[in-house]
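[1] need a structure here:
(2 chains)
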Amino acid sequence: MTVLEVRDLRVTYPRGVRAVRGVDLSVGRGEVLGIVGESGSGKSALALATLGLLPPGTRVEGSVRLRGRELLGRSDAELSRVRGKDLAMVFQDPLSALTPVHPVGDQIAETIRVHAGATRPAARARAVELLELVGIPDAARRARAYPHEFSGGMRQRVMIAMAIANDPVAIVCDEPTTALDVTIQAQVLEVLRTAKEATGAAIVLITHDLGVVAGFADRVMVMYAGRAVETGPVAEVYARPRMPYTIGLLQSLPRIEPDAPRPVPIDGAGGISTGGFPATGCPFAPRCPVAVSRCADTEPPPVPVGTPAHTAACVNLDATGDPARVFPAPAPPPAPPVVPRHERPAVLEVEGLVRHHPLYRGTVLRRRNGTVRAVDGVSFDVRAGETLGLVGESGCGKTTALMEILRLTRPQRGTVRLFGRDTAALTAAERKALRRDVQVVFQDPFASLDPRMRVAEILAEPLLVHGVPRARIDARVRELLALVGLDPAHAARHPHGLSGGQRQRVGIARALALEPRLLLLDEPVASLDVSVQAGIMALLEELRARLGLAYLFVAHDLAVVRLLADRVAVMYRGRIVEIGPVADVYGAPVHPYTRALLDAVPRPDPHRERRRRPAPLPGDPPDPSEQPRGCRFRARCPSYAASADAAWRTLCETDEPRPRPVPEGTGRLVACHHPEGGRP
Amino acid sequence: MNRPGRTLRGLAASRRVVIGASLLVLLFLLAFAGPYLAPWGWEDTDFTAFREPPSTRHWFGTTQSGRDVFALTLRGMQKSLVIGLLVAVLSTALAALVGMVAGYLGGWPDRLLMWGVDLLLVLPAFLVVAVLAPSLGGGWPLLVLLLAAFLWMITARVVRAMTISLREREYVLAARFGGASTPWIIRRHILPHLASLLIVDAGLNVSVAIMAESGLSYFGFGVQPPDISLGTLIADGHGTATAYPWLSGFAAGLLVLTVLAVNLLGDGLRDLLDPTLEKGTP
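    Predicted structure coming up:
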């Protein structure tokens, strides 16, 4: 039974930006529809239009029916009676979606009282029940807590509790897990599944993560340029995609399986920053490898392909019969260096690095109140020509470790040695000279490029700082642009005139300007769309092979690390819990945290994802200001929780495990008392 | 933002700059070239015309003692314009310097400088200037310094707050990790982002300084006789403004025009310096 039906929905923002251009969708009871697309594809505008939450001045045409009743054109007051009752929503950022000045229990109770007319005590009791349902421990007490007292994952649980408070018939979730770590994402998806089973509501899940859709949705709709370009059952679309954009999206995904094919970049970028879409014809045609002259004539309507429920909007369906042949196969990765690792010199050696932040309390008399142990004794080395990936949940200290290395000064404790030189012993002039060899690429290319400078000025800056003669600079800027695959004409642009991928290329070019030997990369692809990610990753691999660079690579995306890194270090609460060659660690993770982290990554493969339902790692990312005693991971450790042996557990409670080689002689270190993970 | 909107805003901004700048140039021309055209000098006295309304002989009329109001007003405007601009430039520059250094360096330089700012903020500026200006007897250059010394503190605090947020931006970090020195980063990455704030602030300070000088002069603490400024003129004429409006009316009108011109110029420049308004980049 269809409960939510959208017909020919069009959303036009003021200034004539057409965000949604005729989208049809229908979701049945208990069904999950996943909507995927890149940023700017109109998926959020679609959600907001469905909920009637678009800003005034936006034109919405078409029809949105909830159980047959038209929602478009109703006044805000009328819609308010539907929203929160029959039609619920879960947003990306629960901190801004919850009122900060009321306890969460009261906020849930309020929606129940408003819509169901329940008495205050009854609503309170129901709120506690709902919080229990979404897995908030000690719900009766936590109901009196304020939103800021919850972690991100717990807040999202509260949002879900509020969404299901009035037994809605449909829930619209807009990127509900995007801001969360993988382990927490797995927990929240599990809660969403419980919520769906408890209420039988239809769910519209908007996300950019094809892995989440594969595991959670029944049907999927792919959006591009404000249109649904392919719709169908998840298994069908993932196995036999027919629209070239869907094919590209699926092939551009970095995958975590060892035998997975290399991601294929989709050239170009859609969206306003690159001059918008063509006025007539298929909007994807400029980026499409199988575009023919007919593509420019009219915008193709969705036509059934294969099964009746599967539609794709493409005129050249003959060419997309075999998805593997649509996009040219990427060039094979550059050959790995032949010199064995132990014979190559170390470019970066970090030993026992510590960075603690003091916490103060009070405004007049500041008293030291505790310590945030951001980095708490980290040791690793990076050898010439290799890539070390540093992974972990947010707040585990991976970025702090990177910044500590970049400061090139004496760390609070421990040593940092670059190219064999201890940073604690550097003079100011030596430090500046050393900076030529160590450069950094940041996560967000919007923030890391000065918006007031042109690309040429941005690239010239490090050269000027290090006294390169002006006559050489112009030529070097052109060289750099060519090196990262940008056009010489881009030199005259400001960063806001470039797309996200182009900006990140400028960021990489700036880091390469002084011909460094070691590049520190802080989540270099995390803020980019998947179709662009693949291109940047290929560029990084190519540069490493051509210029003989070494990378220290911080990321939370384990699939990206598998592709780029030779070795991987897993961090937890300021310590490295497991380090070793990527193939070994991913193939046979030893530390229980590594195992849980790898298990939590959603795979973009519906068959595998449905059979594989790992128990998500319990608990939140830890509070780094707590004084650890014993193993830091103990509170969340599945092996510790499952063990009944008292001696086995006591060791975890009293002794902090030291990294030790497991198994001997493979260059692999694991910090766990019971690496075999076996039950006693 | 789409392109038509961008160019429209850009056009409007450049029109404001042109109007403001030409008005300011005209006012300067009037103040400094006007006296050569005027038939009367500012110290001359016409014993045949006491408190005459504007006429072809005396364009702005005459005072009670027979002095030409046109010549007096221009003379006063020269003082006011010079004082206003100098004070604005000096105080804004000081604010930028102190604010950026305190904000970027942090730590004890920050605490020391902000302590100084707070100290100056709690002093009653008007009273201090009123007491110091006549007793030091240094004439108007001293007045400029005194006015500038009491105008910069709030801006310095704003500049410091903005610098602190800019300091943590990734492009500043990138420059720092690239080996750029503190002066380099302040000049290349911090100052340009404060430019719009500083320009608007300087524009406002011109008006504030002219007003403050006029106010001080009105009470007799600013520009000392025999020198005159717009403030002393308005003060002299205010008692009889309804009966003999020309005595202070022209001075007041020119004061308003000057403030308007400076504000138009500042506003327009701020919008033009915003790179997101630039034409031609898609």
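[2] shaky segments in the chain?
    As the question left the chain open, I've gone with chain A. Low-confidence segments of chain A (pLDDT under 70): A:268-279, A:333-338, A:362-366, A:613-614, A:622-625, A:664-665, A:676-680.
[3] switch to chain B, that's the one I care about
    Across chain B, the ranges flagged by pLDDT under 70 are B:1-10, B:134, B:136-138, B:225, B:241, B:274-282.
[4] the most centrally placed residue in chain B in helix, strand or coil?
    Centroid-nearest residue in chain B: B:Val206, 1.0 Å away (criterion: Cα atoms, centre = their mean). Following DSSP: H, G, I helix; E, B strand; the rest coil, we place B:Val206 in the helix state.
[5] quick one: contacts of stretch A:658-675?
    Outside stretch A:658-675, the residues that touch it by Cβ atoms under 8 Å, 6 or more residues apart in numbering or on different chains are A:341, A:379, A:567, A:575-581, A:584-585, A:590-592, A:631, A:639, A:648, A:651-652, A:655, A:657. In this view, the C-beta of every residue, glycine as well, is placed from N, C-alpha and C.
[6] what number of residues lie near A:Arg124?
    By the criterion of other Cβ atoms under 10 Å in any protein chain shown, A:Arg124 has 20 neighbours.
[7] pretty sure it is in a helix, no?
    Yes - secondary structure assignment places A:Arg124 in a helix (three-state DSSP).
[8] now the strands for the stretch 301-450 of chain A?
    Along the stretch 301-450 of chain A, counting by DSSP state E, counting those that start in this stretch, strands occupy A:303-304, A:311-312, A:346-361, A:367-383, A:387-391, A:413-418, A:421-422, A:438-441.
[9] one more: chain B?
    Ranges of strands within chain B: none, based on DSSP state E.
[10] hey, where'd the helices end up in it?
    Assigned helices in chain B, in chain order: B:3-37, B:69-105, B:107-122, B:125-136, B:140-149, B:153-167, B:170-177, B:182-185, B:191-218, B:230-238, B:246-273 (criterion: DSSP state H).
[11] please produce TSV containing the ones you listed, extended by distance to chain A.
    Below are these laid out as TSV (distance: least, Cβ to the nearest Cβ, whole Å):
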stretch	distance to chain A
helix B:3-37	7
helix B:69-105	15
helix B:107-122	13
helix B:125-136	28
helix B:140-149	28
helix B:153-167	10
helix B:170-177	4
helix B:182-185	7
helix B:191-218	5
helix B:230-238	38
helix B:246-273	8
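[12] narrow the contacts of stretch A:658-675 to those in helices?
    When DSSP H is applied, the contacts of stretch A:658-675 are split such that A:584-585, A:592, A:639, A:648, A:651-652 fall in helices.
[13] nearest to chain B, of these?
    A:Val585 (29.1 Å; Cβ to the nearest Cβ).
[14] without its sequence neighbours, what residue ends up closest to that closest one?
    In this structure, A:Val585 finds its nearest non-sequential neighbour in A:Val568, 5.2 Å apart by Cβ to Cβ, 6 or more residues apart in numbering or on different chains.
[15] show me the contacts for that neighbour.
    Counting by Cβ under 8 Å, 6+ apart, A:Val568 has contacts A:388-391, A:561-562, A:579-582, A:585-586.
[16] mind doing that once more with 7 Å?
    The contact partners of A:Val568, taken as Cβ atoms under 7 Å, 6 or more residues apart in numbering or on different chains, are A:389, A:391, A:561, A:582, A:585.
[17] kindly indicate which of those residues lies nearest A:Arg155.
    Minimum distance to A:Arg155 across these is 24.0 Å, recorded for A:Val391 (Cβ to Cβ).
[18] neighbours of B:Ser256, how many?
    In this structure residue B:256 is Val, not Ser. By the measure other Cβ under 10 Å, the count of residues near B:Val256 is 10.
[19] quick one: it and A:Pro56, what's the gap?
    Separation of B:Val256 from A:Pro56 (Cβ to Cβ, to the nearest Å): 39 Å.
[20] buried stuff in stretch A:519-531?
    A:519-525, A:527-531 (16 or more other Cβ atoms under 10 Å in any protein chain shown).
[21] of all those residues, which two lie farthest apart?
    Top of the distance list for those (Cβ to Cβ): A:Leu520 and A:Ser531, 25.6 Å.
[22] now tell me what touches stretch A:125-140 from outside.
    With contact meaning Cβ under 7 Å, 6+ apart, stretch A:125-140 is reached by A:105, A:108-109, A:112, A:118, A:142-143, A:154, A:157, A:160-161, A:164-165, A:191, A:194-195, A:198.
[23] buried ones among those?
    Buried by 16+ other Cβ under 10 Å: A:105, A:108-109, A:112, A:118, A:142-143, A:154, A:157, A:160-161, A:164-165, A:191, A:195, out of the contacts of stretch A:125-140.
[24] ok, which pair from those is furthest apart?
    Top of the distance list for these (Cβ to Cβ): A:Ala118 and A:Met154, 24.5 Å.
[25] pretty sure A:Gly57 contacts A:Pro14?
    Yes - with contacts counted by Cβ atoms under 7 Å, A:Gly57 reaches A:Pro14, the gap being 4.5 Å.
[26] what's the neighbour count on A:Arg15?
    Residues lying near A:Arg15 (other Cβ under 10 Å) number 10.
[27] roughly how far does it sit from B:Val200?
    27 Å.
[28] count of neighbours near the residue lying closest to B:Ser217 once chain neighbours are set aside?
    Excluding its sequence neighbours, the residue lying closest to B:Ser217 (Cβ to Cβ, 6+ apart) is B:Gly231, at 3.2 Å. Number of residues near B:Gly231 (other Cβ under 10 Å) recorded here: 28.
[29] still on that earlier bit, so which of the buried residues of stretch A:519-531 belong to strands?
    A:519-522.
[30] for these, which one is nearest A:Ala296?
    Each of these was scored against A:Ala296 by Cβ to Cβ, and A:Leu521 proved nearest at 39.3 Å.
[31] contact partners for the closest one?
    Counting by Cβ under 7 Å, 6+ apart, A:Leu521 has contacts A:441, A:551, A:553-554.
[32] once you drop chain neighbours, what's closest to the single nearest residue of the stretch 551-680 of chain A relative to chain B?
    Closest residue of the stretch 551-680 of chain A to chain B, Cβ to the nearest Cβ: A:Leu552 (13.2 Å). Among residues not flanking A:Leu552 along the chain, A:Leu520 sits closest, at 4.9 Å (Cβ to Cβ, 6+ apart).
[33] which residues does the one you found form beta bridges with?
    Taking DSSP bridges as the rule, A:Leu520 bridges to A:Val440, A:Leu552.
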